[in-house]
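Undergrad: With the input below, show me the fold.
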Amino acid sequence: MKIITCYKLVPEEQDITVTADGSLDTNKAAPKINPFDLCAVEAGVQLKGLIDGSTITAMSVGGKALENPKSRKDILSRGPDELTVVVDEKFEQLLPHQTARVLMAAAQKNGFDLIICGDGSGDLYAQQVGLQLGELLGIANINAVSKIVAAESGKITVERSLDDEVEVLEISLPAVISVSADINEPTIPSMKTILAAAKKPVTSLSATDLELTEFPALVELVSVIAPKQKARQNIVIEGDDEQQLAEFAEHLRKALN
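TA: The predicted structure follows:
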């Protein structure tokens, strides 16, 4: 089975600062692998262990941060056999539908049986890339996968946890699945795998290599700002009888109006 695991580099949250106008300053925030995508990579590695002869290609789209040797070694140390990155300055701040189109072109060029994505990203968390990627490729796609139950030639069986039940779904390949954060606990790379990562092949592509045309202007990102902070009222209501509950409800009513 030829598996592609998609990942994204996102800013380190603790290094993001909020400016006076509420905008986010990420200049001092080092890029890291999106935590949700680490689960996708781990799922790919576990699936590879079930099927002899399987290979994993890690794939990402973005700006110059993807050229950083440290970030490349980080992803390759987690189990993929090779890495494909699509690097272009205009891919620095892509929206989900744009990311899906670039991944579509790169996946078609690479070839695949199964593409695994994280359910969302640590920055926008739009939860759209995997679904839109499957739609653009015209193949089966499903999100919120909480377990890969079995895999065999031409199909995989997965579970998806809903509010009051668990779905068991059989999906024909090729397909795209987006996995939830509770599907696994990503393995921490050992020193041996980190050293071995430097020897794995890396393919760097550009928009020209993929013959990508201009993206359709479906939506426009206007701004990303932090919510305004409000001073706490420090109102504490003790007790749980009708009078205290009514008082609590009255404070909520005033706060919402």
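Undergrad: can you map out the helices along the stretch 1-150 of the chain?
TA: Counting by DSSP state H, counting those that start in this stretch, the stretch 1-150 of the chain has helices at residues 35-48, 69-76, 96-110, 129-137.
Undergrad: those strands in the stretch 151-257 of the chain, which residues are they?
TA: 155-161, 166-172, 175-179, 202-205 (DSSP state E, counting those that start in this stretch).
Undergrad: which secondary element of the protein has the worst mean pLDDT?
TA: strand 24-25 (a mean of 84; mean pLDDT, DSSP states H and E).
Undergrad: so what strands line up beside that strand?
TA: strand 17-18 (antiparallel) (DSSP bridges).
Undergrad: average pLDDT across the strand it pairs with?
TA: Strand 17-18 shows a mean pLDDT of 88.
Undergrad: Which residues does that strand contact?
TA: With contact meaning CB atoms under 8 Å, 6 or more residues apart in numbering, strand 17-18 is reached by 24-25, 28, 226. For every residue, glycine as well, the C-beta is placed using N, CA and C.
Undergrad: Distance from it to the middle of the chain?
TA: 23 Å (CA atoms, centre = their mean, to the nearest Å).
Undergrad: Likewise for stretch 13-31?
TA: 20 Å.
Undergrad: Out of the strands of the stretch 151-257 of the chain, which is the most enclosed?
TA: With neighbours taken as mean count of other CB atoms under 10 Å, the strands of the stretch 151-257 of the chain reach their highest mean count in strand 175-179, at a mean of 26.
Undergrad: just the angle between that strand and helix 96-110, please?
TA: For strand 175-179 against helix 96-110, the angle by axes from the mean of the first three to the mean of the last three CA atoms, to 10 degrees is 130 degrees.
Undergrad: for strand 175-179, packing partners?
TA: Using 3 or more CB pairs under 8 Å, 6 or more residues apart in numbering; DSSP states H and E as the contact test, the elements touching strand 175-179 are helix 35-48, strand 114-118, helix 129-137, strand 140-152, strand 155-161.
Undergrad: Put together a markdown table for these, with distance to Met104 on each row.
TA: As requested, the helices and strands packed on strand 175-179 are arranged in a markdown table below (distance: least, CB to CB, whole Å):
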| stretch | distance to Met104 |
| --- | --- |
| helix 35-48 | 17 |
| strand 114-118 | 10 |
| helix 129-137 | 5 |
| strand 140-152 | 12 |
| strand 155-161 | 20 |
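Undergrad: closest to Asp240 out of these?
TA: Proximity to Asp240 (CB to CB) singles out strand 155-161 among the helices and strands packed on strand 175-179, at 32.8 Å.
Undergrad: what residues does that closest one touch?
TA: 47, 114, 142, 144-151, 166-173, 175, 177, 180, 182.
Undergrad: Mind doing that once more with 10 Å?
TA: Residues from elsewhere that reach strand 155-161 (CB atoms under 10 Å, 6 or more residues apart in numbering): 1, 43, 47, 50-51, 113-114, 140, 142-151, 166-173, 175, 177, 179-180, 182-183.
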